[in-house]
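Peer 1: Pasting the sequence and the predicted model now:
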Amino acid sequence: MTDLHGVMGQFPNAQSLMHAAHEIKTRGYIKTDAFSPFPIEGLHEALGGKRTKIPMIVFFSGLFGGTFAFSVETFANVVHYPLIIGGKPYYSWPAFIPITFELTVLFAAFSAAISMILLNRLPELYHPVFNIDNFRTASRDGFFLLIKSTDPSFDLEGSKQVLAKAGATQVYEVPN
Amino acid sequence: MSNHKPLIRPDASYGSVADEIGNVVLTDRFKPGWIVGVCIGFALLQVLNISISWLLARGIGVWGLNIPVGWGFDITNFVWWIGIGHAGTFISAILLLCNQKWRTSVNRFSEAMTIFAVMCAGLFPVLHLGRIWKAYWLFPYPNQMALWPQFRSPLLWDVFAVSTYASVSVVFWLIGLIPDFATLRDRAQNIWVKRLFGFASLGWRGSASHWHRYQTAYLLLAGLSAPLVVSVHTTVSFDFAVSILPGWHTTIFPPYFVAGAIYSGFAMVLTLAIPFRAYYQQKNLITERHLDYMARVMLATGLIVAYGYIVEAFTSWYSGNVYELGLFATRLKGPYAPIYYALWLCNIILPQLLWFKKYRSNTIFLFIISLVINTGMWFERFVIIVLSLHRDFIPSSWGMYYPTKWEIGLFLGSMGLFVTLFFLFIRFLPAISIFETIELLAEEKGDLKHD
C-alpha cells in the first residue's frame, strides 16, 4: 500500500467536482483532497475540512504590532529620552497613533501571508499528484478529486469505482 | 447585469483564457514595440543613474532649492508618484471587498503599477535628505547616541506609512501571483522556464484546503490594505497640514489628497491599459466596459478634487487672514499663476467631458485625457508645495524657485525606472490575473454559483 498515494478522478467542471465531493463525503471517506484551477466556495467544507485559524493569527499579530509600536514610541519619548517638542507633553499619545496604526497593518498583513504559506506546508515542490500527466491541467481547466490510500475505508478497486460513479471522466492511480 | 456587455466574451473557455494571458509570457518572441519601449525606458533610467550620481557627488546644491523654497521638484514628484500608486490598491483591495467583478482583469497590472510608482516615489524623500547614507536614521533602532527619531513628526509618520504601504503592496501582489505561477509552470515547454515558475509557485497545486486558506488570507490582506491605502495619502497630507504655512494648514487636505491620489492613479491605469490591451490583443479581457468604469471613477474623484480646490479658496477668503488671502492672490496673480490655471484646466474643466458616453467610449480620447489629468495632478502638487513656500511671511523673504537640469533629469529618470519595470513586468509576468479571470468566467457561465 505504501507505493500508492491514492486514487484520483478527473471531472469536467466545478459543479461536477462539487457534486462528487459531497458524494464521497457521504460514503465516509475522510482523507480526501480536491484540486481546481480557482477557489470553489464550499468545496473545502464539503470534504469535511475545518475552518482555518488564519484570522485568529492575523488578529493577534496585528494586536502585537500595534502594541509594539505604541510601546516603543512611549518608551522613547517618555522614558528613555524625554524631550519637549512643539510644546507637547512627553506622553503626547495622539501623535503616536499613526505609526501604531501602520505597524498594526504591517504585522497583520505579513502574518496573513506567511501563515497562509506555512499552514499550507508550502513550499513543497514535489507532491505525488504531480506524477499524473493530466494533473498539469489542474491549473487551467482540470478538476480533480483524490482519495488517499491512508483513508480507513480505502480499497483500490472500490474507491476507483466510487469516483467513476460520482461522475469522473477518468480515474488514475497516483503513485507515491 | 444582463443588459450589460459581458466582462469576458461568452465563447471563451477556461483553457483559452489561461492561454490568452499565459502566451504573452511564455512566447519566445519579443514584440518590436516592446523592445522599443523597454529601450526608451532603459535610456531614461540611465538619466536617473547620472542624476543620482551627480547629486551624491556634489550634494543638494545641484538642485534649484533655496530659502524659502526648500521643497521643489523632489517632494512634488514624491507626492505625485505615491498618489499614482493608490489606484492599484484601490482596485485590488477596495473593489474586491465591494465585490466589483470588473476589477479582475485590471487588478494585477494596477498592483504592479502601484509597486513601481511607490518605488519611484520612495527615491525622492531619500535623495532629498542630502546625506542619503544616513537614511537609516529615520528608523528607530537602539544606538550608541541614545537618539530616537521624532515620533511626533508627520515626516516620520510618512516614513512608516510609505514603507508599510510598499511592503504590504508587494506581499499582496506576490500572494496573488502564486497560483498564476503554477499555471505558467504547467504550461511552459522549456524545462528551465518550468523550473523557474515551479520554484516561484512554491509547488502550488490548487488543493481545496490550500484555496480555503488562500482566500481567507487574500480577503484579510484586502481588508487590511483598504484602510492602509487611505492612511498613506492622509499621512502624506499631514506633512503639509500639520504645519502652520498658509496653503498647507487646512483640514480639507486628507480627504482631498486621497481623492486626488485615486484620481491620478486611475488616470495612470488608463495610460498603461489602453496601449497594452491594443498591442497585446487583450481587448477581450480589458473591455470597453472596463475603460468606461474607470472613466467614471475618474470623473467622481475629479469632482471631489474640485470640491477641495473650492474649499481651499473659500477657507482663504473666510479666514480673513492676511497671509491666507495673500497666498490666494499669489495663486491667481503671482509669478506661478499660469500653473494654477493649468491645474484647473487639466483637472477640473477638461475632465467634465467624461460626463458624456461619447467621450467615455472613445479610447483615443480617454488616453489623451488620462495624460492631461496626470499632468494636472503634477501641477497640483507643484502649486501646493512651491507656491505656498515661495512667498514667506515677510516680503524680504520672498524668493523664486526654478528647477535645474538635475531635478528635471531625476524626474524624467524616475519615469524611466517606472517604464522599464513596467515593460519587464508585462513581458515576464502574467499582467492579468489568470486564476481570477477563470473564476470570473466560471461565475458568468454559472459553473460557480454564489448564493
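Peer 2: Yep, that arrived.
Peer 1: Quick check, the residue in the stretch 251-400 of chain B closest to chain A?
Peer 2: B:Pro254 (11.4 Å; CB to the nearest CB). Every residue, glycine included, has its C-beta placed from N, CA and C.
Peer 1: How about the contacts made by that residue?
Peer 2: B:233-234, B:237-238, B:241 (CB atoms under 8 Å, 6 or more residues apart in numbering or on different chains).
Peer 1: confidence score at residue 111?
Peer 2: Since no chain was named, I'll use chain A. With respect to pLDDT, A:Ser111 scores 96.
Peer 1: Wait, chain B was what I had in mind.
Peer 2: 91.
Peer 1: any idea how far it lies from B:Phe422?
Peer 2: 12 Å (CB to CB, to the nearest Å).
Peer 1: Those two - which one has more neighbours?
Peer 2: Per other CB atoms under 10 Å in any protein chain shown, whichever of B:Glu111 and B:Phe422 has more neighbours is B:Glu111, with 26 against 21.
Peer 1: and the more buried one, what element?
Peer 2: Taking DSSP states H and E as the criterion, B:Glu111 maps to helix B:104-127.
Peer 1: From the contact counts, what lies against that helix?
Peer 2: Helix B:104-127 makes packing contacts with helix B:32-58, helix B:73-89, helix B:154-187, helix B:253-279, helix B:288-319, helix B:405-428, helix B:434-445 when contacts are defined by 3 or more CB pairs under 8 Å, 6 or more residues apart in numbering or on different chains; DSSP states H and E.
Peer 1: on that earlier part again, so which of the contacts of B:Pro254 are in helices?
Peer 2: B:233-234, B:237-238, B:241 (DSSP state H).
Peer 1: Among the residues you listed, which ones lie close to chain A?
Peer 2: B:Phe238 (CB under 8 Å from any CB of the partner chain).
Peer 1: what's near enough to touch the spatially most central residue of chain B?
Peer 2: Nearest to the mean C-alpha position of chain B, by CA atoms, centre = their mean, lies B:Gly85 at 1.8 Å. Neighbour list for B:Gly85: B:113-115, B:117-118, B:121, B:165, B:169, B:261, B:265 [criterion: CB under 8 Å, 6+ apart].
Peer 1: which among these gets closest to chain A?
Peer 2: Using CB to the nearest CB, B:Tyr165 comes nearest to chain A of the contacts of B:Gly85, at 8.3 Å.
Peer 1: burial of the closest one, as a residue count?
Peer 2: Neighbour count of B:Tyr165, defined by other CB under 10 Å: 29.
Peer 1: pLDDT score for the nearest residue in space to it that is not next to it in sequence?
Peer 2: Setting aside the residues directly before and after it, B:Tyr165 is nearest to B:Val232 in space (CB to CB, 6 or more residues apart in numbering or on different chains), at 4.6 Å. Confidence at B:Val232, expressed as pLDDT, is 93.
Peer 1: Make sure B:Val232 is actually in contact with B:His86.
Peer 2: Yes: using CB atoms under 8 Å, B:Val232 is in contact with B:His86, at 7.2 Å.
Peer 1: show me where chain A has strands.
Peer 2: Shown for chain A, the strands assigned by DSSP state E span residues A:4-11, A:32-35, A:143-148, A:170-175.
Peer 1: Of the ones in helices among the contacts of B:Pro254, which is the nearest to chain A?
Peer 2: Among those, and counting by CB to the nearest CB, the member closest to chain A is B:Phe238, at 7.5 Å.
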